[in-house]
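Colleague: dropping a prediction and its sequence here:
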Amino acid sequence: MTTVTPAKDPASRYRIEPTVMQAIRSPRILTREVLAGLVVAVALIPEAIAFSIIAGVDPRVGLFSSFIMAVAIAFVGGRPAMITAATGAIALVVAPVAREYGLDYLIATVLLGGLIQVVLGAVGVAKLMRFIPRSVMVGFVNALAILIFLSQMPQLGLDNHDWTWHGVPWMVYPLVVAGLVILFVAPKIIKAIPAPLIAIVVLTAVVVAFGIDVPTVGDQGDLPDSLPMLFIPDVPFTFETLQIIAPFALAVAVVGLLESLMTAKLVDDITDTHSRKPREAVGQGIANVLSGLFGGMGGCAMIGQTMINVKASGARTRISTFLAGVFLLILVVALGDVIAIIPMAALVAVMIIVSYLTFDWHSIRPATLKIMPKSETAVMIITVIGTVATDNLAIGVVLGVLTAMVMFARRVAHLVTVTRVVDEDAEVPTATYTVRGELFFASSNDLTTQFEYADDPERVVIDMSESHVWDASTVAALDAVVTKYEHQDKHVVIEGIEDESGDIHRRLSGGLGSGH
């Protein structure tokens, strides 16, 4: 007996459980979400300060940006449990603006970048994510893990730009090791409290109790002591201003969307759920606009903090994202003195574990590499190298996608075959060529060399029933074949061309030049 089940409602595939209301009704889930938000907030503080320094602005700018964006994206974003805040990628983009033109132009850049993201999201740019191959995603994830790990090197005494040793107090190393042990062991013993929070509390207590002199969060920069205020950038509303900020704003929009949508897809894979990518794209733009209006430096999805939230802490709802922003503000404004004494070694341990959990170890196993097509492995490696070498995820992903396109075109180009059969006994001797495969610019360039123009009889049939015409290059190649036969006073018939291919051929044939 065959059971027929109704098709799944398209809207239901985007329903992610537990929902906010389900989490509120469940003390266990709510506790997990609250504690996850607290852990992320603590981890956000030193990073937001560090990114502010990269951008060349006051630490308050990065901290306020992180608070506003986390709270905003909890309401307007399309991927629950994903963390959006000030990031290194955006800091690198806007740093030249702050350095050459000042904070007001930086804020104007963020505002324009946010508006561009809203427009791009509204026109459906998020759908382009389907063109990013799995090998690029794996490269993106692995590169991200490497960058997260390398970003912790300065706290361990090694400059990750010129690789010079500047040294740190020796007690940093046993504290980091102790933190790693806690992070590995704690989840097996205590499941109600996120392991990162346990590690931070225990190591802070040890440092304070024994008076150990190691770098702390307070050493990274001054924490704000007031709430963010509405900030309108003081820049002339002229075309000259637009010329200055537009290139940087476009970079903010593209880099921010690329990282955010890639991170959303990664969380989708981890949680086996579907997120609303167009809504996420628009939400990122709204969050950036709000960030700019309150003097923030903008940002995008943060892969490291998202992994802390989703993988290390087990969060699944918007509650954790919202509370990460709220706790961040409370911690830096009301409890700044307490946060300032947290040893950086505790946060380094957390980020090393996040790096370890993020890396796709299966992708580099000898057994996997042995069965994986070499082109797929090459795309992954190029994505990793491009990202790590430039310290820019967007560049690495673009290089990976371009490499994948070239590899795919080369592979498909070799799948076209042309076979020739000559019927000398027919009333009119005929040469029949059967073309098989997908015909586009890469595969059709050699099409003209597959025919025996001088040796064929007076009638030639080109059977296209087992092929598909995709572009003008193929039509031009077919026109060239017909022209070469006409120069030999031979008659050519193209038959079996299917509807869509036939439409392309009819519209373009004869209008692309002689084909000589």
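Modeller: Okay, I see it.
Colleague: how many neighbours does P457 have?
Modeller: Neighbourhood size, P457 [other Cβ atoms under 10 Å]: 15. In this view, the C-beta of every residue, glycine as well, is placed from N, C-alpha and C.
Colleague: just give me the longest helix of the chain.
Modeller: The residue-count maximum for a helix in the chain (DSSP state H) belongs to helix 239-271.
Colleague: buried ones in it, by neighbour count?
Modeller: Buried residues in helix 239-271, counted by 16 or more other Cβ atoms under 10 Å: 241, 244-245, 248-268, 271.
Colleague: shouldn't L158 be in contact with V168?
Modeller: No: applying Cβ atoms under 8 Å, one finds L158 not in contact with V168, separated by 9.2 Å.
Colleague: the longest helix of the chain: what's the following helix or strand?
Modeller: helix 277-293 (DSSP states H and E).
Colleague: now that next one: mean pLDDT?
Modeller: Mean pLDDT, computed over helix 277-293, is 96.
Colleague: counting by contacts, list what it packs against.
Modeller: If you count contacts as 3 or more Cβ pairs under 8 Å, 6 or more residues apart in numbering; DSSP states H and E, helix 277-293 packs onto helix 59-76, helix 103-122, helix 239-271.
Colleague: ranking these by mean pLDDT, which is last?
Modeller: Lowest mean pLDDT of the helices and strands packed on helix 277-293: helix 239-271, a mean of 90.
Colleague: tell me which element G437 falls in.
Modeller: Using DSSP H and E, G437 falls in strand 430-439.
Colleague: so which elements touch that strand?
Modeller: Packed against strand 430-439 by the contact rule (3+ Cβ pairs under 8 Å, 6+ apart) you find strand 417-423, strand 459-469.
Colleague: how many residues are close by A287?
Modeller: Counted with other Cβ under 10 Å, residues neighbouring A287 total 32.
Colleague: that one is in contact with A72, isn't it?
Modeller: Yes: assessed by Cβ under 8 Å, A287 is found in contact with A72 at 4.1 Å.
Colleague: and for those two, which residues touch both?
Modeller: T84 (Cβ atoms under 8 Å, 6 or more residues apart in numbering).
Colleague: isn't L156 right up against L175?
Modeller: No: contact criterion Cβ under 8 Å: L156 and L175 do not qualify, at 10.9 Å.
Colleague: between these two, which contacts overlap?
Modeller: In terms of Cβ under 8 Å, 6+ apart, L156 and L175 are not both contacted by any residue.
Colleague: same drill for the two, tell me which one is more crowded.
Modeller: More crowded of L156 and L175, by other Cβ under 10 Å: L175, with 22 against 17.
Colleague: residues contacting that one?
Modeller: Contacts of L175 by Cβ under 8 Å, 6+ apart are 203, 206-207, 212, 214, 343, 345-346, 349.
Colleague: quick check, pLDDT for it.
Modeller: pLDDT at L175 comes out at 95.
Colleague: in which helix or strand does it reside?
Modeller: Applying DSSP H and E, one finds L175 within helix 172-189.
Colleague: tell me the helix or strand right after that helix.
Modeller: helix 195-209.
Colleague: tell me the angle that next one makes with helix 172-189.
Modeller: Counting by axes from the mean of the first three to the mean of the last three Cα atoms, to 10 degrees, helix 195-209 points 140 degrees away from the direction of helix 172-189.
Colleague: helices or strands next to helix 195-209 in the packing?
Modeller: helix 27-55, helix 172-189, helix 344-358.
Colleague: lowest mean pLDDT across these, which one is that?
Modeller: Per-stretch mean pLDDT for the helices and strands packed on helix 195-209 is lowest at helix 344-358 (a mean of 85).
Colleague: returning to what we had before: just the angle between the helix holding L175 and helix 344-358, please?
Modeller: Interaxial angle of helix 172-189 relative to helix 344-358 (the same axes, to 10 degrees): 50 degrees.
Colleague: hang on, the earlier thing: what's the most distant pair in the contacts of L175?
Modeller: Greatest spatial distance among these (Cβ to Cβ): I212 and A349, at 14.9 Å.
Colleague: the two: who's more crowded?
Modeller: Between I212 and A349, counting by other Cβ under 10 Å, A349 is the more crowded of the two (25 against 16).
Colleague: for the protein, give me the ranges with low pLDDT.
Modeller: 1-14, 160-161, 499-502, 508, 510-516 (pLDDT under 70).
Colleague: most distant residue from the centre of it?
Modeller: E427 (62.9 Å; Cα atoms, centre = their mean).
Colleague: isn't V136 up against V379?
Modeller: Yes: between V136 and V379 there is a contact under Cβ under 8 Å: 6.1 Å.
Colleague: find residues that contact each of these two.
Modeller: 400, 404.
Colleague: what lies in contact with stretch 95-114?
Modeller: So stretch 95-114 is contacted by 54-57, 61, 94, 231, 233-235, 241, 244-246, 248-253, 256, 284-293, 295-298 (Cβ under 8 Å, 6+ apart).
Colleague: mind listing what the residue nearest the centre of the chain touches?
Modeller: Residue closest to the mean C-alpha point of the chain, counted by Cα atoms, centre = their mean, is M262 at 2.7 Å. The contact partners of M262, taken as Cβ under 8 Å, 6+ apart, are 129, 132, 137, 140, 393, 397.
Colleague: let's see it at 7 Å
Modeller: 140, 397 (Cβ atoms under 7 Å, 6 or more residues apart in numbering).
Colleague: one more: V235?
Modeller: 104-105, 108, 241.
Colleague: and R130, by the same measure?
Modeller: Per Cβ under 7 Å, 6+ apart, neighbours of R130: none.
Colleague: please apply the same query to the one 5 residues further on.
Modeller: Contacts here follow Cβ under 7 Å, 6+ apart; on that basis S135 touches 376, 379-380, 404.
Colleague: from A378, how far out is it?
Modeller: Distance check for S135 against A378: by Cβ to Cβ, to the nearest Å, it reads 8 Å.
Colleague: could you do D269 as well?
Modeller: As judged by Cβ to Cβ, D269 and A378 stand 22 Å apart.
Colleague: cool, R420 as well?
Modeller: According to Cβ to Cβ, R420 stands 35 Å off from A378.
Colleague: okay, the two: which has more neighbours?
Modeller: Using other Cβ under 10 Å, the more surrounded residue of R420 and A378 is A378, with 18 against 14.
Colleague: how far away is that one from S444?
Modeller: A378 is 25 Å from S444, by Cβ to Cβ.
Colleague: same check on G396?
Modeller: 32 Å.
Colleague: show me which pair in the contacts of S135 is furthest apart.
Modeller: M380 and A404 (9.6 Å).
Colleague: the two: which is more packed in?
Modeller: Just comparing M380 and A404: by other Cβ under 10 Å the higher neighbour count belongs to M380, 29 against 24.
Colleague: what helix or strand does the closest residue to the more buried one other than its chain neighbours sit in?
Modeller: Leaving aside its chain neighbours, M380 sits nearest to G139 (4.1 Å; criterion: Cβ to Cβ, 6 or more residues apart in numbering). Using DSSP H and E, G139 falls within helix 134-150.
Colleague: in that helix, what's buried?
Modeller: Across helix 134-150, burial judged by 16+ other Cβ under 10 Å covers 135-149.
Colleague: just want the angle from that helix to helix 344-358.
Modeller: 160 degrees.
Colleague: starting at the chain centroid, how far to helix 134-150?
Modeller: 10 Å (Cα atoms, centre = their mean, to the nearest Å).
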